[in-house]
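K.L.:
One predicted model, sequence on top.
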Amino acid sequence: MQRRFTLKALTAAVALASISAVPAFAADTIKVGVLHSLSGTMAISETVLKDTVLMAIDDINAKGGVLGKKLEPVVVDPASNWPLFAEKTKQLLGQDKVSVIFGCWTSVSRKSVLPVVEEMNGLLFYPVQYEGEELSKNVFYTGAAPNQQAIPAVDYLMSKEGGAAKRWVLLGTDYVYPRTTNKILRAYLKSKGVKDTDIDEKYTPFGHSDYQTIVADIKKFSAGGKTAVVSTINGDSNVPFYKELGNAGLKAKDVPVVAFSVGEEELRGVDTKPLVGHLAAWNYFMSIKNPTNTAFIKQWSDYAKAKNIAGHKDKPLTNDPMEATWIGIHMWKQAVEKAK
(Lines give C-alpha, C1' and ligand atoms only; values in the text may rest on other atoms or scores of the structure.)
Protein backbone atom coordinates (compact mmCIF):
# COMPACT_ATOMS: atom_id res chain seq x y z
CA MET A 1 0.00 0.00 0.00
CA GLN A 2 1.35 3.40 -0.91
CA ARG A 3 1.22 5.95 1.90
CA ARG A 4 1.00 9.63 1.00
CA PHE A 5 2.61 12.02 3.44
CA THR A 6 1.23 15.23 1.97
CA LEU A 7 1.30 18.21 4.28
CA LYS A 8 -2.23 18.95 3.04
CA ALA A 9 -3.54 15.58 4.35
CA LEU A 10 -1.70 15.97 7.63
CA THR A 11 -2.95 19.54 8.07
CA ALA A 12 -6.51 18.34 7.51
CA ALA A 13 -6.07 15.57 10.08
CA VAL A 14 -4.60 17.97 12.63
CA ALA A 15 -7.48 20.39 12.05
CA LEU A 16 -10.09 17.60 12.37
CA ALA A 17 -8.51 16.25 15.55
CA SER A 18 -8.44 19.71 17.09
CA ILE A 19 -12.19 20.25 16.52
CA SER A 20 -13.28 17.52 18.93
CA ALA A 21 -10.18 17.54 21.14
CA VAL A 22 -9.77 19.84 24.10
CA PRO A 23 -8.66 23.35 23.15
CA ALA A 24 -4.96 22.56 23.63
CA PHE A 25 -3.90 26.03 22.55
CA ALA A 26 -5.70 27.74 25.42
CA ALA A 27 -2.93 26.63 27.78
CA ASP A 28 0.57 28.12 27.96
CA THR A 29 2.02 24.92 26.58
CA ILE A 30 1.02 22.29 24.03
CA LYS A 31 1.17 18.82 25.58
CA VAL A 32 2.75 16.01 23.57
CA GLY A 33 2.35 12.34 24.53
CA VAL A 34 5.36 9.99 24.42
CA LEU A 35 4.21 6.35 24.41
CA HIS A 36 7.22 4.01 24.35
CA SER A 37 8.20 0.91 26.36
CA LEU A 38 10.90 1.89 28.86
CA SER A 39 10.84 -1.57 30.49
CA GLY A 40 10.18 -5.13 29.34
CA THR A 41 11.27 -6.97 26.19
CA MET A 42 10.89 -3.95 23.84
CA ALA A 43 12.78 -1.41 26.00
CA ILE A 44 16.03 -2.31 24.17
CA SER A 45 14.53 -0.75 21.02
CA GLU A 46 12.01 1.81 22.28
CA THR A 47 13.83 3.73 25.04
CA VAL A 48 15.95 5.60 22.49
CA LEU A 49 12.79 6.71 20.63
CA LYS A 50 11.52 8.38 23.81
CA ASP A 51 14.83 10.25 23.98
CA THR A 52 14.54 11.20 20.28
CA VAL A 53 11.10 12.75 20.89
CA LEU A 54 12.48 14.69 23.88
CA MET A 55 15.43 15.91 21.78
CA ALA A 56 13.05 17.05 19.02
CA ILE A 57 10.88 18.86 21.58
CA ASP A 58 13.96 20.64 22.98
CA ASP A 59 14.97 21.56 19.42
CA ILE A 60 11.50 22.94 18.56
CA ASN A 61 11.21 24.82 21.88
CA ALA A 62 14.65 26.40 21.39
CA LYS A 63 13.43 27.75 18.04
CA GLY A 64 10.30 29.36 19.50
CA GLY A 65 7.96 26.39 19.93
CA VAL A 66 4.79 25.86 17.90
CA LEU A 67 2.53 28.86 17.27
CA GLY A 68 4.56 30.68 19.92
CA LYS A 69 3.84 28.03 22.58
CA LYS A 70 6.35 25.64 24.13
CA LEU A 71 5.83 21.89 23.78
CA GLU A 72 5.45 19.96 27.05
CA PRO A 73 6.23 16.22 26.87
CA VAL A 74 4.12 13.75 28.88
CA VAL A 75 6.10 10.49 29.05
CA VAL A 76 4.44 7.20 30.01
CA ASP A 77 5.80 3.62 30.14
CA PRO A 78 3.46 0.94 28.71
CA ALA A 79 6.15 -1.60 29.71
CA SER A 80 5.96 -3.88 26.62
CA ASN A 81 2.42 -4.78 27.77
CA TRP A 82 0.03 -4.50 24.82
CA PRO A 83 -3.26 -3.84 26.73
CA LEU A 84 -1.37 -1.26 28.83
CA PHE A 85 -0.63 0.69 25.61
CA ALA A 86 -4.40 1.22 25.24
CA GLU A 87 -4.78 2.27 28.89
CA LYS A 88 -1.87 4.72 28.68
CA THR A 89 -3.35 6.18 25.47
CA LYS A 90 -6.69 6.77 27.25
CA GLN A 91 -4.75 8.49 30.04
CA LEU A 92 -2.75 10.68 27.63
CA LEU A 93 -5.80 11.80 25.62
CA GLY A 94 -8.43 11.91 28.38
CA GLN A 95 -6.56 12.90 31.52
CA ASP A 96 -3.35 14.57 30.31
CA LYS A 97 -5.11 16.24 27.33
CA VAL A 98 -2.20 15.78 24.91
CA SER A 99 -2.59 17.13 21.36
CA VAL A 100 -0.65 14.32 19.68
CA ILE A 101 1.07 11.04 20.61
CA PHE A 102 4.42 9.80 19.33
CA GLY A 103 4.85 6.13 20.11
CA CYS A 104 4.62 2.34 19.73
CA TRP A 105 7.10 -0.02 18.09
CA THR A 106 5.34 -3.33 17.57
CA SER A 107 2.25 -3.60 15.39
CA VAL A 108 0.42 -5.33 18.25
CA SER A 109 0.96 -2.24 20.44
CA ARG A 110 -0.29 -0.01 17.59
CA LYS A 111 -3.34 -2.26 17.06
CA SER A 112 -4.05 -1.92 20.79
CA VAL A 113 -3.87 1.88 20.56
CA LEU A 114 -5.77 2.25 17.25
CA PRO A 115 -9.40 1.93 18.52
CA VAL A 116 -8.62 4.37 21.36
CA VAL A 117 -7.18 7.13 19.13
CA GLU A 118 -10.07 6.64 16.68
CA GLU A 119 -12.76 6.75 19.39
CA MET A 120 -11.19 9.77 21.15
CA ASN A 121 -10.13 11.36 17.83
CA GLY A 122 -6.47 11.64 18.79
CA LEU A 123 -3.41 11.56 16.54
CA LEU A 124 -0.71 8.89 16.69
CA PHE A 125 2.61 9.11 14.84
CA TYR A 126 4.00 5.57 14.40
CA PRO A 127 7.73 5.52 13.51
CA VAL A 128 8.52 1.88 12.71
CA GLN A 129 8.14 -0.29 9.60
CA TYR A 130 4.80 -2.10 9.54
CA GLU A 131 2.93 -4.75 7.58
CA GLY A 132 0.46 -2.47 5.75
CA GLU A 133 -3.16 -3.61 5.43
CA GLU A 134 -4.26 -0.79 7.74
CA LEU A 135 -5.18 2.84 7.14
CA SER A 136 -6.57 5.34 9.63
CA LYS A 137 -7.05 9.11 9.53
CA ASN A 138 -5.85 9.12 13.16
CA VAL A 139 -2.50 7.44 12.49
CA PHE A 140 0.51 8.61 10.49
CA TYR A 141 2.80 5.73 9.54
CA THR A 142 6.27 7.19 9.00
CA GLY A 143 8.05 3.81 8.65
CA ALA A 144 8.23 1.47 5.66
CA ALA A 145 5.61 -0.97 4.36
CA PRO A 146 6.70 -4.39 2.96
CA ASN A 147 6.96 -3.10 -0.65
CA GLN A 148 9.50 -0.52 0.59
CA GLN A 149 11.63 -2.82 2.77
CA ALA A 150 10.87 -6.56 2.81
CA ILE A 151 10.39 -7.14 -0.94
CA PRO A 152 13.49 -5.15 -2.02
CA ALA A 153 15.51 -7.15 0.56
CA VAL A 154 14.26 -10.47 -0.86
CA ASP A 155 14.93 -9.26 -4.42
CA TYR A 156 18.52 -8.51 -3.43
CA LEU A 157 19.05 -11.95 -1.84
CA MET A 158 17.58 -13.61 -4.96
CA SER A 159 19.94 -11.69 -7.23
CA LYS A 160 23.38 -12.94 -8.25
CA GLU A 161 24.98 -10.09 -6.30
CA GLY A 162 23.00 -11.06 -3.15
CA GLY A 163 23.92 -14.77 -3.36
CA ALA A 164 21.10 -16.16 -5.57
CA ALA A 165 19.10 -17.70 -2.70
CA LYS A 166 16.72 -20.53 -3.68
CA ARG A 167 15.43 -21.61 -0.22
CA TRP A 168 14.00 -19.34 2.45
CA VAL A 169 13.60 -19.39 6.22
CA LEU A 170 11.01 -16.82 7.36
CA LEU A 171 11.79 -16.43 11.06
CA GLY A 172 9.86 -13.99 13.26
CA THR A 173 8.41 -13.09 16.62
CA ASP A 174 4.87 -14.46 16.93
CA TYR A 175 2.61 -11.44 16.38
CA VAL A 176 0.92 -9.33 13.68
CA TYR A 177 3.86 -7.74 11.83
CA PRO A 178 6.01 -10.85 11.22
CA ARG A 179 3.05 -13.09 10.34
CA THR A 180 1.49 -10.59 7.92
CA THR A 181 4.84 -9.64 6.34
CA ASN A 182 5.66 -13.34 5.89
CA LYS A 183 2.24 -13.96 4.33
CA ILE A 184 3.07 -11.22 1.79
CA LEU A 185 6.62 -12.57 1.28
CA ARG A 186 5.40 -16.16 0.84
CA ALA A 187 3.02 -15.03 -1.93
CA TYR A 188 5.80 -12.96 -3.52
CA LEU A 189 8.30 -15.87 -3.40
CA LYS A 190 5.71 -18.19 -4.97
CA SER A 191 5.14 -15.65 -7.75
CA LYS A 192 8.90 -15.94 -8.42
CA GLY A 193 8.68 -19.73 -8.74
CA VAL A 194 9.75 -20.72 -5.21
CA LYS A 195 8.05 -23.95 -4.07
CA ASP A 196 6.31 -24.32 -0.68
CA THR A 197 8.86 -27.01 0.23
CA ASP A 198 11.62 -24.39 -0.17
CA ILE A 199 10.02 -22.05 2.42
CA ASP A 200 10.34 -22.77 6.15
CA GLU A 201 8.28 -20.46 8.41
CA LYS A 202 9.09 -20.27 12.14
CA TYR A 203 7.88 -18.12 15.07
CA THR A 204 9.05 -17.57 18.64
CA PRO A 205 7.32 -15.68 21.48
CA PHE A 206 8.38 -12.20 22.65
CA GLY A 207 11.42 -12.42 24.92
CA HIS A 208 12.46 -15.85 23.54
CA SER A 209 16.09 -16.59 24.39
CA ASP A 210 16.96 -20.17 23.36
CA TYR A 211 17.73 -20.29 19.63
CA GLN A 212 19.93 -23.42 19.65
CA THR A 213 17.32 -25.75 18.09
CA ILE A 214 16.12 -23.14 15.59
CA VAL A 215 19.64 -22.33 14.36
CA ALA A 216 20.38 -26.09 14.10
CA ASP A 217 17.18 -26.48 12.02
CA ILE A 218 18.23 -23.58 9.74
CA LYS A 219 21.63 -25.25 9.23
CA LYS A 220 19.93 -28.56 8.34
CA PHE A 221 17.41 -26.86 5.99
CA SER A 222 20.25 -25.03 4.18
CA ALA A 223 21.77 -28.38 3.14
CA GLY A 224 18.97 -28.58 0.54
CA GLY A 225 20.24 -25.60 -1.50
CA LYS A 226 21.32 -21.96 -1.29
CA THR A 227 19.35 -20.59 1.70
CA ALA A 228 18.67 -17.12 3.12
CA VAL A 229 16.95 -16.18 6.40
CA VAL A 230 14.48 -13.30 6.59
CA SER A 231 14.31 -12.24 10.24
CA THR A 232 11.38 -10.34 11.70
CA ILE A 233 12.50 -11.07 15.27
CA ASN A 234 11.76 -8.05 17.47
CA GLY A 235 13.17 -6.71 20.72
CA ASP A 236 15.79 -8.26 22.99
CA SER A 237 15.40 -11.75 21.42
CA ASN A 238 17.73 -10.54 18.66
CA VAL A 239 20.70 -10.73 21.06
CA PRO A 240 20.50 -14.51 21.77
CA PHE A 241 19.59 -15.23 18.13
CA TYR A 242 22.71 -13.52 16.75
CA LYS A 243 24.88 -14.98 19.52
CA GLU A 244 23.65 -18.47 18.55
CA LEU A 245 24.41 -17.83 14.86
CA GLY A 246 27.99 -17.06 15.94
CA ASN A 247 28.17 -20.09 18.27
CA ALA A 248 26.93 -22.43 15.52
CA GLY A 249 29.41 -21.00 13.01
CA LEU A 250 26.58 -20.14 10.59
CA LYS A 251 28.37 -17.58 8.43
CA ALA A 252 26.79 -15.04 6.08
CA LYS A 253 28.60 -16.50 3.05
CA ASP A 254 26.77 -19.80 3.69
CA VAL A 255 23.37 -18.61 5.00
CA PRO A 256 22.87 -14.81 4.94
CA VAL A 257 20.35 -13.34 7.40
CA VAL A 258 18.51 -10.12 6.52
CA ALA A 259 16.75 -8.39 9.42
CA PHE A 260 14.08 -5.66 9.41
CA SER A 261 14.12 -4.77 13.13
CA VAL A 262 17.81 -4.83 13.99
CA GLY A 263 20.03 -1.79 14.19
CA GLU A 264 23.19 -0.88 16.06
CA GLU A 265 21.15 -0.53 19.28
CA GLU A 266 20.02 -4.18 19.32
CA LEU A 267 23.56 -5.39 18.51
CA ARG A 268 25.32 -3.40 21.25
CA GLY A 269 25.73 -6.43 23.53
CA VAL A 270 26.77 -8.88 20.80
CA ASP A 271 30.22 -9.91 19.51
CA THR A 272 29.68 -8.94 15.87
CA LYS A 273 32.92 -10.45 14.48
CA PRO A 274 31.28 -13.81 13.58
CA LEU A 275 28.31 -11.89 12.07
CA VAL A 276 30.14 -9.97 9.35
CA GLY A 277 28.15 -10.10 6.10
CA HIS A 278 24.67 -10.54 7.61
CA LEU A 279 22.31 -7.81 6.47
CA ALA A 280 19.70 -5.32 7.62
CA ALA A 281 17.15 -3.56 5.41
CA TRP A 282 16.00 -0.12 6.53
CA ASN A 283 15.09 3.18 4.86
CA TYR A 284 17.78 5.00 6.85
CA PHE A 285 21.25 4.10 8.09
CA MET A 286 23.63 6.10 10.29
CA SER A 287 26.33 5.62 7.62
CA ILE A 288 24.46 7.76 5.02
CA LYS A 289 26.82 10.52 3.92
CA ASN A 290 25.10 13.86 3.47
CA PRO A 291 25.06 17.20 5.35
CA THR A 292 21.56 16.63 6.82
CA ASN A 293 22.54 13.30 8.34
CA THR A 294 25.87 14.65 9.59
CA ALA A 295 23.97 17.43 11.42
CA PHE A 296 21.40 14.93 12.80
CA ILE A 297 24.13 12.62 14.16
CA LYS A 298 25.99 15.56 15.73
CA GLN A 299 22.80 16.87 17.33
CA TRP A 300 22.05 13.42 18.78
CA SER A 301 25.67 12.98 20.00
CA ASP A 302 25.62 16.36 21.76
CA TYR A 303 22.18 15.67 23.28
CA ALA A 304 23.13 12.15 24.46
CA LYS A 305 26.25 13.50 26.17
CA ALA A 306 24.42 16.45 27.74
CA LYS A 307 21.61 14.21 29.05
CA ASN A 308 23.97 11.39 30.07
CA ILE A 309 21.95 8.81 28.07
CA ALA A 310 23.15 5.29 28.90
CA GLY A 311 25.21 3.75 26.10
CA HIS A 312 24.84 6.77 23.83
CA LYS A 313 26.89 9.28 25.84
CA ASP A 314 30.02 7.29 24.92
CA LYS A 315 28.94 5.67 21.66
CA PRO A 316 26.03 7.62 20.14
CA LEU A 317 24.09 5.68 17.49
CA THR A 318 21.19 6.68 15.25
CA ASN A 319 18.76 4.34 13.47
CA ASP A 320 15.76 4.23 11.14
CA PRO A 321 12.94 4.57 13.73
CA MET A 322 14.82 7.51 15.33
CA GLU A 323 14.98 9.25 11.95
CA ALA A 324 11.26 8.50 11.32
CA THR A 325 10.43 9.86 14.81
CA TRP A 326 12.39 13.07 14.13
CA ILE A 327 10.68 13.56 10.74
CA GLY A 328 7.23 12.80 12.24
CA ILE A 329 7.37 15.41 14.99
CA HIS A 330 8.65 18.10 12.62
CA MET A 331 5.94 17.19 10.06
CA TRP A 332 3.33 17.53 12.82
CA LYS A 333 4.76 20.95 13.80
CA GLN A 334 4.50 22.19 10.19
CA ALA A 335 0.93 20.92 9.89
CA VAL A 336 -0.16 22.56 13.16
CA GLU A 337 1.32 25.86 12.01
CA LYS A 338 -0.36 25.59 8.63
CA ALA A 339 -3.72 24.65 10.20
CA LYS A 340 -3.20 27.33 12.89
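P.N.:
Arrived safely.

K.L.:
Point out where this structure drops to low pLDDT.
P.N.:
Low-confidence segments of the chain, defined by pLDDT under 70, span residues 1-26.

K.L.:
tell me the domain boundaries of the protein?
P.N.:
Described in terms of automatic domain parsing, the domain architecture of the chain consists of the residue ranges 7-144+319-339, 150-280.

K.L.:
can you pull the contacts of residue 233?
P.N.:
Contacts of residue 233 were listed using Cβ atoms under 8 Å, 6 or more residues apart in numbering, and they are 171-173, 178, 204, 241, 259, 261-262. Where you see a C-beta, it was placed from the backbone N, CA and C, and this is true even at glycine.

K.L.:
Format those residues as TSV; extra columns: neighbour count and distance to residue 90.
P.N.:
Formatted as TSV, the contacts of residue 233 follow (neighbours: other Cβ atoms under 10 Å; distance: Cβ to Cβ, whole Å):
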residue	neighbour count	distance to residue 90
171	25	35
172	22	30
173	25	26
178	28	27
204	19	31
241	24	35
259	24	33
261	25	27
262	26	32
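
K.L.:
from those, which single one is nearest residue 338?
P.N.:
Closest to residue 338 out of those is residue 261 (33.3 Å), distances taken as Cβ to Cβ.

K.L.:
now, which of the contacts of residue 233 lie within helices?
P.N.:
The helices in this structure, assigned by DSSP state H, contain 178, 241 from those.

K.L.:
before we move on, the earlier item: ranking the domains of the chain by burial, who's on top?
P.N.:
Comparing these by mean neighbour count (mean count of other Cβ atoms under 10 Å), domain 7-144+319-339 ranks first with a mean of 20.

K.L.:
helix/strand/coil for the residue nearest the centre of the chain?
P.N.:
A centroid search over the chain (Cα atoms, centre = their mean) returns residue 128, at 2.6 Å, as the residue closest to the centre. Under the three-state scheme (DSSP: H, G, I helix; E, B strand; the rest coil), the conformation of residue 128 reads as coil.

K.L.:
measure stretch 126-146 end to end?
P.N.:
Its first and final residues considered, stretch 126-146 spans 15 Å by Cα to Cα, to the nearest Å.

K.L.:
ignore the last one, stretch 117-133
P.N.:
First-to-last residue span, stretch 117-133, Cα to Cα: 18 Å.

K.L.:
In TSV: the contacts of residue 233, plus distance to residue 270.
P.N.:
Supplementary listing: the contacts of residue 233 in TSV, determined by distance: Cβ to Cβ, whole Å:
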residue	distance to residue 270
171	17
172	19
173	17
178	20
204	17
241	9
259	12
261	14
262	10
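
K.L.:
tell me which of the contacts of residue 233 is nearest to residue 66?
P.N.:
Checking those against residue 66 with Cβ to Cβ, the nearest one is residue 261 at 31.4 Å.

K.L.:
Skip the chain neighbours and tell me the closest residue to that closest one.
P.N.:
The shortest distance from residue 261 to any residue other than its chain neighbours is 4.9 Å, reached at residue 234 (Cβ to Cβ, 6 or more residues apart in numbering).

K.L.:
List the contacts of that neighbour.
P.N.:
The contact partners of residue 234, taken as Cβ under 8 Å, 6+ apart, are 42, 45, 105-106, 172-173, 175, 177-178, 206, 261.

K.L.:
at 7 Å what do you get?
P.N.:
Residues touching residue 234, when contacts are defined by Cβ atoms under 7 Å, 6 or more residues apart in numbering, comprise 106, 173, 261.

K.L.:
and the gap between it and residue 112?
P.N.:
Going from residue 234 to residue 112 by Cβ to Cβ, to the nearest Å gives 15 Å.

K.L.:
okay, how far is it across stretch 153-170, tip to tip?
P.N.:
13 Å.

K.L.:
ok, how many other residues are close to residue 282?
P.N.:
By other Cβ atoms under 10 Å, the residues close to residue 282 number 21.

K.L.:
and the closest residue to it other than its chain neighbours, what does it touch?
P.N.:
Leaving aside its sequence neighbours, residue 282 sits nearest to residue 320 (Cβ to Cβ, 6+ apart; 3.9 Å). With contacts defined as Cβ under 7 Å, 6+ apart, residue 320 is in contact with 263, 282-284.
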